[in-house]
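Q: Here's a sequence, model it:
(one chain, ligands or ions: 3)
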Amino acid sequence: MLVTGNDILIPARAGHYGVGSFNTNNMEITQAIIHTAERLRSPVMVQMSEGAIKYGGQDLANIVIDLARRATVPVALHLDHGSSYESALKAIKMGFTSVMIDASHHGFEDNVKETKRVVEAAHAMGISVESELGRLGGIEEHIVVDEKDAFLTDPEEAVQFIEQTGTDYLAIAIGTSHGAFKGKGRPYIDHARIEKIASLTSIPLVAHGSSGVPQEIVERFRKAGGEIGDAAGIADEDLQRATGFGIAKVNVDTDLRLASTVGIREALTANPKEFDPRKIFGPAREVMSQVIEHKMRVLGSVGKA
Ligand SMILES: O=C(COP(=O)(O)O)N(O)CCCCO
Ligand code: NA
Ligand SMILES: [Zn+2]
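A: Ligands and ions are numbered 1, 2, ... in the order given. From the prediction side, this is the model:
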């Protein structure tokens, strides 16, 4: 069933488990996400960035909304990294049931102002809101935040921010970053900071940049002709510790990008004569489903629906 982000994340925070929020850009990714959630009886969030909305528009949103409505587990459609009030409202008009306003590149006051505006409008329409305080390292779609400007979230500021904005869930900067290169070897996750913020707050917390970049997938990617440097993602045990404290929404995009590309490359290299799209995109869906299953088991959301 199609529900709001709160319907999924409030139980997750209370139950100390995480729910995957997976980015989609087409039908096969959407099917892999929602069918795997149904098979494992897991709640799930499907998210579209502004780039995905540019790429697939209402057509893609409608695919997600229809699969979500017919799903036998709770599914929310979430706007990832909404960059403005207008973008958030447009998404709600498109049928999104959860929206992020990411004003984390502003100073505290302006972030509060912009977030508050979206919260008021979204709540008037029964839609829940994610906002962000602190800055991730890595590449945020519309912003390059280099390491020295990456500010981890201050726990006291988080309390003030939540009180002043009414945000339903909060993305915090705890050491993760977007993309396949999250740091040499095992990226540093500030568990003490997560624990502190979780102890001072009661709303669901969000971890961006939570792809694990599984080495097995990276090897298959290279073997099938892909080129990638020394890629690293967040360790499963770091994610499990984080969800134990209060991280309830866990963003994953890179793992699906790698998995779908592995499926496609392996299909094309194994059968150079193949040109039936179902034989090329079908394997992508299969590899993505395996990666999604692993993530749901790590997060502890299996059987929670
Ligand atoms: O936090 C994430 C995903 O993080 P990851 O790159 O670890 O999958 N997102 O918000 C997805 C969009 C970022 C650009 O791809
Ligand atoms: Na988001
Ligand atoms: Zn993100």
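Q: and the gap between whichever residue of the stretch 151-300 of the chain sits closest to ligand 3 and residue 50?
A: Nearest residue of the stretch 151-300 of the chain to ligand 3: residue 208, at 3.4 Å (Cβ to the ion). From N, CA and C alone the C-beta is placed, and that goes for glycine too. Distance from residue 208 to residue 50, counting by Cβ to Cβ, to the nearest Å: 15 Å.
Q: For residue 216, give me its contacts.
A: For residue 216, the contact set (Cβ atoms under 8 Å, 6 or more residues apart in numbering) is empty.
Q: For it, identify the helix or strand it belongs to.
A: helix 215-223 (DSSP states H and E).
Q: next SSE after that helix?
A: Later in the chain than helix 215-223, the nearest helix or strand by DSSP H and E is helix 236-245.
Q: And the next helix or strand past that next one?
A: Downstream of helix 236-245, the next assigned helix or strand under DSSP H and E is strand 247-252.
Q: what distance separates that following strand from the centre of its chain?
A: 6 Å (Cα atoms, centre = their mean, to the nearest Å).
Q: what about the closest residue to ligand 3 within the stretch 1-150 of the chain, which SS state?
A: Here the stretch 1-150 of the chain gets closest to ligand 3 at one residue, residue 81, 5.7 Å apart by Cβ to the ion. What DSSP: H, G, I helix; E, B strand; the rest coil gives for residue 81 is strand.
Q: can you check residue 76 too?
A: strand.
Q: follow-up on the earlier one: check whether the helix holding residue 216 contacts ligand 1.
A: No: contact between helix 215-223 and ligand 1 is absent, the nearest approach being 12.4 Å (criterion: Cβ under 6 Å from any ligand atom).
Q: Measure how far that helix is from the centre of its chain, please.
A: 22 Å.
Q: Let's see stretch 46-61 as PDB, backbone CA atoms only.
A: C-alpha atoms of stretch 46-61 as PDB (Å, rounded to 0.1, in the frame of the first residue of the first chain):
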ATOM      1  CA  VAL A  46      11.300   4.400  -3.300                       C
ATOM      2  CA  GLN A  47      13.000   7.700  -3.900                       C
ATOM      3  CA  MET A  48      13.500   9.900  -7.000                       C
ATOM      4  CA  SER A  49      16.000  12.600  -7.200                       C
ATOM      5  CA  GLU A  50      15.300  15.800  -9.200                       C
ATOM      6  CA  GLY A  51      17.500  14.200 -11.900                       C
ATOM      7  CA  ALA A  52      15.300  11.100 -11.900                       C
ATOM      8  CA  ILE A  53      12.200  13.400 -12.200                       C
ATOM      9  CA  LYS A  54      13.900  15.200 -15.200                       C
ATOM     10  CA  TYR A  55      14.600  11.700 -16.700                       C
ATOM     11  CA  GLY A  56      11.400   9.900 -16.100                       C
ATOM     12  CA  GLY A  57       8.900  12.500 -15.100                       C
ATOM     13  CA  GLN A  58       5.200  11.700 -14.200                       C
ATOM     14  CA  ASP A  59       5.600   8.500 -16.300                       C
ATOM     15  CA  LEU A  60       8.100   7.100 -13.900                       C
ATOM     16  CA  ALA A  61       6.300   8.500 -10.800                       C
END
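Q: Is ligand 1 within reach of it?
A: Yes: using Cβ under 6 Å from any ligand atom, we find that stretch 46-61 touches ligand 1 at residue 49.
Q: any idea how far that stretch is from the chain center?
A: On the basis of Cα atoms, centre = their mean, stretch 46-61 is displaced by 14 Å from the centre of the chain it belongs to.
Q: Please spell out which residues along it are buried.
A: Residues 46, 47, 48, 49, 50, 52, 53, 56, 60, 61 are the ones in stretch 46-61 that count as buried (16 or more other Cβ atoms under 10 Å).
Q: what's the neighbour count on the residue of the stretch 51-200 of the chain found nearest ligand 1?
A: Residue nearest to ligand 1 within the stretch 51-200 of the chain (Cβ to the nearest ligand atom): residue 178, separated by 4.2 Å. Residue 178 has 21 neighbouring residues, counting by other Cβ atoms under 10 Å.
Q: ok, now residue 96?
A: Neighbour tally, residue 96, other Cβ under 10 Å: 28.
Q: what is the orientation angle of the lengthiest helix in the chain with helix 215-223?
A: As assigned by DSSP state H, the longest helix anywhere in the chain is helix 277-299. Angle between the axes of helix 277-299 and helix 215-223 is 150 degrees (criterion: axes from the mean of the first three to the mean of the last three Cα atoms, to 10 degrees).
Q: would you put the C-alpha positions of helix 277-299 in CSV?
A: This file holds the C-alpha atoms of helix 277-299, laid out as CSV (Å, rounded to 0.1, in the frame of the first residue of the first chain):
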residue,chain,number,x,y,z
PRO,A,277,16.0,-5.9,-24.2
ARG,A,278,14.3,-8.4,-21.8
LYS,A,279,17.5,-10.5,-21.9
ILE,A,280,19.6,-7.4,-21.1
PHE,A,281,17.5,-5.6,-18.6
GLY,A,282,16.1,-8.7,-17.0
PRO,A,283,19.5,-9.8,-15.6
ALA,A,284,20.0,-6.2,-14.3
ARG,A,285,16.7,-6.6,-12.3
GLU,A,286,18.0,-9.9,-10.9
VAL,A,287,21.3,-8.5,-9.6
MET,A,288,19.6,-5.5,-8.1
SER,A,289,17.1,-7.8,-6.3
GLN,A,290,20.0,-9.7,-4.7
VAL,A,291,21.7,-6.4,-3.6
ILE,A,292,18.4,-5.1,-2.2
GLU,A,293,17.8,-8.3,-0.3
HIS,A,294,21.2,-8.1,1.3
LYS,A,295,20.6,-4.5,2.4
MET,A,296,17.2,-5.3,3.9
ARG,A,297,18.7,-8.1,5.9
VAL,A,298,21.5,-5.9,7.2
LEU,A,299,19.0,-3.2,8.2
